[in-house]
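> only geometry, no sequence info:
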């Protein structure tokens, strides 16, 4: 008999705690990116806007590479070969898309500045 | 070389392949209501193919945008079936409201915000008015994105492999974001780049259907 739950005859199996990945770095990258984006929109200097664009595209590159590494880590821990290759594929494709989209947003900032500068 | 024709034709064909593979998957291994999700992408594929042929015939450009908008709204109504599948009353109400709002949108588009698309360097620029762009983007954000996430959840519900749920949600979500960018852009380089992004997204989506078809057990 179980001492804690007298009516329960089956042995209590310990609950497995799952370690959740930390999103701290992602959050900081996203926050800095949004701040740079806001500066770009309200900036009047074309030279500064271009520098900001390159920094933001750099952030997109870092985030893209980070995503690739993360998906490769997850894929590496998976035993099913089909799922593993799929996760690698999503890592590479997703990383490229994140980089392009981050670059897009930066480019919008620059174009907005050039055409409709405040 | 007509870049718009090539781009829209390839993207439309990719959408159609994705819709077909998902339809096959829904028929054998997923809940039946997810067929609506495939119909939505069939509608979107048809819109892209119509824009491809409009790029070859400039007289058809304005009408093609209206027809494309109607197909997009039709696809959104199919997705309401996916979003509110659990509650019959809400589902019927949302579809009725969706149809009324769609008719209002088309009326507004015909009378007040007529499309002004043009071809530039072989690329079709939609040149969508700000209010129309905001409405279309909102449809993607509030209907297509959640419906994609519901579909991703349903597909991966029976795949007990770590990371698959995240991977599916990611590609379904990022594809919607890529589509919003595609509608929003008005310059040639950005339209071309958004085509590339959409292409990569749908390559991942089609591959995801293949993987799901192998990993999911048969339902019937």
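That came through, no problem. Keep in mind that this is a model prediction, so the values were computed, not measured. Numbering: from 1, shown residues only, chains lettered A, B, ... in the order given.

> quick one: low-confidence parts of chain B?
Along chain B, segments meeting pLDDT under 70 span B:1, B:183-187, B:219-220.

> which residues in it form helices?
With DSSP state H, the ranges of helices along chain B come out as B:3-28, B:35-56, B:61-83, B:88-111, B:130-139, B:145-156, B:164-184, B:188-215.

> got the angle between the shortest one and helix B:164-184?
For helix B:130-139 and helix B:164-184, the angle between their directions (axes from the mean of the first three to the mean of the last three Cα atoms, to 10 degrees) works out to 170 degrees.

> circling back to that earlier point, need the helices of chain B in a markdown table with distance to residue B:117 and mean neighbour count, can you?
All C-beta spots, glycine's among them, are computed from the backbone N, C-alpha and C. Below are the helices of chain B laid out as a markdown table (distance: least, Cβ to Cβ, whole Å; neighbours: other Cβ atoms under 10 Å in any protein chain shown):
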| stretch | distance to residue B:117 | mean neighbour count |
| --- | --- | --- |
| helix B:3-28 | 10 | 19 |
| helix B:35-56 | 8 | 21 |
| helix B:61-83 | 5 | 20 |
| helix B:88-111 | 12 | 13 |
| helix B:130-139 | 12 | 16 |
| helix B:145-156 | 25 | 20 |
| helix B:164-184 | 12 | 20 |
| helix B:188-215 | 12 | 19 |
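
> do you know which of those lies nearest residue A:98?
helix B:164-184 (7.6 Å; Cβ to Cβ).

> tell me which strands and helices that closest one is in contact with?
helix A:46-76, helix A:81-116, helix B:130-139, helix B:145-156, helix B:188-215 (3 or more Cβ pairs under 8 Å, 6 or more residues apart in numbering or on different chains; DSSP states H and E).

> circling back to that earlier point, any chance of TSV for the helices of chain B, columns distance to residue A:92?
Output for the helices of chain B, formatted as TSV (distance: least, Cβ to Cβ, whole Å):
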stretch	distance to residue A:92
helix B:3-28	18
helix B:35-56	24
helix B:61-83	29
helix B:88-111	37
helix B:130-139	28
helix B:145-156	19
helix B:164-184	12
helix B:188-215	9
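
> thinking again about what came up before, nearest to residue B:28, of the helices and strands packed on helix B:164-184?
Going by Cβ to Cβ, the one of the helices and strands packed on helix B:164-184 nearest residue B:28 is helix B:188-215, 7.7 Å.

> Next, the contact list for the closest residue to chain B within chain A, please.
Nearest to chain B, among the residues of chain A, is residue A:74, at 3.8 Å (Cβ to the nearest Cβ). With contact taken as Cβ atoms under 8 Å, 6 or more residues apart in numbering or on different chains, residue A:74 is in contact with A:87, B:162, B:163, B:166, B:167.

> can you pull the contacts of the closest residue to the last one other than its chain neighbours?
So that's residue B:167. Leaving aside its sequence neighbours, residue B:167 sits nearest to residue A:90 (Cβ to Cβ, 6 or more residues apart in numbering or on different chains; 4.6 Å). Residue A:90 is in contact with A:71, B:167, B:170, B:171, B:204, B:208, counting by Cβ under 8 Å, 6+ apart.
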